[in-house]
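here's a sequence, model it:
(one chain, ligands or ions: 1)
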Amino acid sequence: MKNINYEERINLSNYTTIKVGGFAEYFSKPNDTDEFINLIKWSNLNDQNCQIIGAGSNLLINNIFLKGLTICTKNMRSIKIESHSGIVVAEAGVMLPTMSNMLAKNGLQGGEWAVGIPGTVGGSICMNAGSKKLSLANNLLSVQVIDTKTLKTFEIEKKDINFQYRFSPFQQNNLLIISAKLLFEPKGNIEQLLETTKNNLKKKTDTQPYHLPSFGSIFKNPTDTYAGKLIEELGLKGFKIGGAEISTMHGNFIINNSSANSKDILDLITVIQQKVLQKKGIFLQPEVRMIGFDYP
Ligand SMILES: Cc1cc2nc3c(=O)[nH]c(=O)nc-3n(C[C@H](O)[C@H](O)[C@H](O)COP(=O)(O)OP(=O)(O)OC[C@H]3O[C@@H](n4cnc5c(N)ncnc54)[C@H](O)[C@@H]3O)c2cc1C
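Numbers count the residues shown, from 1 in each chain. Next comes the predicted model:
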């Protein structure tokens with residue numbers, strides 16, 4: 001195994017979009033697949049916990065000292081696009097907005113919706129991120145993974161992955177995504193694709209507090225209704241705990257108005273859940289992933 005590069009005591013609030021997080025004992029940003037695999041091997045052989053993060057856009061990390069190695073994939077940005085066949089191979093750290101714009105420029109149709117999701121390919125497959133009925137899983141052919149226990153790398157076909165609404169088995173198993181093979185519709189009208197992509201981003205920025213620190217939707221939408229609508233109906237928009245506030249623009253977003261800590265945010269999540277349960281009889285399930293909490 002080659003030498004690995006890591007830093008110590010890194011503040012993870014700089015690596016989450018809500019700008020909240022604890023300190024990682026060890027932290028590394030591999031530049032490619034080989035470095036990534038070496039880091040996983042290092043943590044396994046040295047019996048260290050290994051936590052993976054992408055763009056940190058769906059994460060609430062507790063303000064604690066996280067033992068072990070945290071790996072951020074954001075520098076694993078290699079992407080190969082075959083315009084004629086529509087096949088795309090993207091490393092885990094490729095950002096969806098980057099990929100979405102590249103697809104449009106290459107005349108590939110089917111990724112226009114993803115422009116407004118500020119996450120990586122790996123994080124988005126793990127979260128089964130999407131918009132309305134569209135998600136990255138729709139275009140997925142296979143993923144290359146590494147098993148953190150056996151250290152084996154292998155390919156899994158999409159048909160063998162049980163994707164559900166904002167859920168994939170990668171939220172529970174020992175497999176980390178190295179890269180993904182996707183298929184998009186070739187020979188699209190480039191001008192039209194660029195226009196749709198631009199409009200989709202505008203729709204997001206017009207309706208969500210896109211440029212403020214948040215982690216996107218806090219809760220999954222219950223069947224037949226929207227979490228944001230339920231929260232708004234209870235008059236909770238603008239409600240604050242410490243520096244955490246329910247966005248006045250969108251009821252399903254919490255924003256950090258610069259001084260929030262992880263406790264403010266978790267308390268606010270709990271208050272929303274209690275009020276919605278009391279008044280509407282619905283338990284809102286968090287979409288956001290939590291690290292360093294005793295949360296079920
Ligand atoms: C302004 C805003 C708008 C958003 N809009 C949407 C939306 O429209 N639709 C939607 O679905 N989401 C949305 N999100 C949420 C978020 O962007 C998505 O869930 C995104 O896919 C998360 O990707 P990430 O790289 O940031 O993952 P992270 O938040 O870093 O991690 C999420 C989970 O994935 C795991 N993970 C990360 N990389 C890997 C990997 N390589 N292998 C295995 N597991 C991995 C992490 O351990 C964690 O459990 C929004 C967020 C923001 C801030």
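
give me the number of residues near residue 107?
Residues lying near residue 107 (other CB atoms under 10 Å) number 21. In short, each C-beta sits where N, CA and C put it, glycine included.

that one belongs to a strand?
No - looking at residue 107 with DSSP: H, G, I helix; E, B strand; the rest coil, it is coil, so not inside a strand.

what residues are up against it?
Shown in contact with residue 107 (CB atoms under 8 Å, 6 or more residues apart in numbering): 83, 186, 187, 188, 189, 190, 193.

need the three-state assignment for residue 43.
Per three-state DSSP, residue 43 ends up helix.

near it, how many other residues are there?
Residue 43, neighbours per other CB under 10 Å, totals 22.

quick one: contacts for it?
49, 50, 68, 69, 148.

which one (most neighbours) among those residues?
Result: residue 69 is most packed of the contacts of residue 43 (other CB under 10 Å), 22 neighbours.

list the buried residues for the helix or strand containing it?
Per DSSP states H and E: residue 69 is located in strand 65-72. By neighbour count with 16 or more other CB atoms under 10 Å, strand 65-72 contains the buried residues 66, 69, 70, 71, 72.

how far away is the last one from the ligand?
What that stands for is residue 72. 8 Å (CB to the nearest ligand atom, to the nearest Å).

run through the bridge partners of that residue.
Under DSSP bridges, the beta-bridge partners of residue 72 are residue 53.

what residues does it make contact with?
15, 27, 28, 29, 52, 53, 54, 56.

now the strand holding residue 69: average pLDDT?
Here strand 65-72 scores 97 as its mean pLDDT.

what strands line up against the following helix or strand past it, and which way round?
Beyond strand 65-72 on the C-terminal side, the first helix or strand identified by DSSP H and E is strand 79-81. Here strand 79-81 has these sheet partners by DSSP bridges: strand 87-91 (antiparallel).

hmm, the partner strand in reach of the ligand?
No - judged by CB under 6 Å from any ligand atom, strand 87-91 and the ligand are separated, with a smallest distance of 9.0 Å.

next one: that strand to chain centre, how far?
18 Å (CA atoms, centre = their mean, to the nearest Å).

for that strand, output the C-alpha coordinates as CSV.
Coordinates of each C-alpha in strand 87-91 appear next as CSV, following Å, rounded to 0.1, in the frame of the first residue of the first chain:
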residue,chain,number,x,y,z
ILE,A,87,-22.9,6.2,-21.8
VAL,A,88,-21.3,8.2,-19.0
VAL,A,89,-18.8,6.9,-16.5
ALA,A,90,-18.4,9.3,-13.5
GLU,A,91,-16.3,9.0,-10.4
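
which residues are in contact with it?
Contacts for strand 87-91 (CB under 8 Å, 6+ apart): 32-33, 73, 76-82, 99, 103, 108, 121, 141, 178-184.

so where does residue 8 fall, helix or strand?
strand 7-11.

so which bits of that strand are buried?
residue 10.

quick one: it to strand 65-72, angle?
100 degrees (axes from the mean of the first three to the mean of the last three CA atoms, to 10 degrees).

give me the packing partners of strand 7-11, helices and strands only.
Secondary-structure packing of strand 7-11 (3 or more CB pairs under 8 Å, 6 or more residues apart in numbering; DSSP states H and E): strand 23-28.
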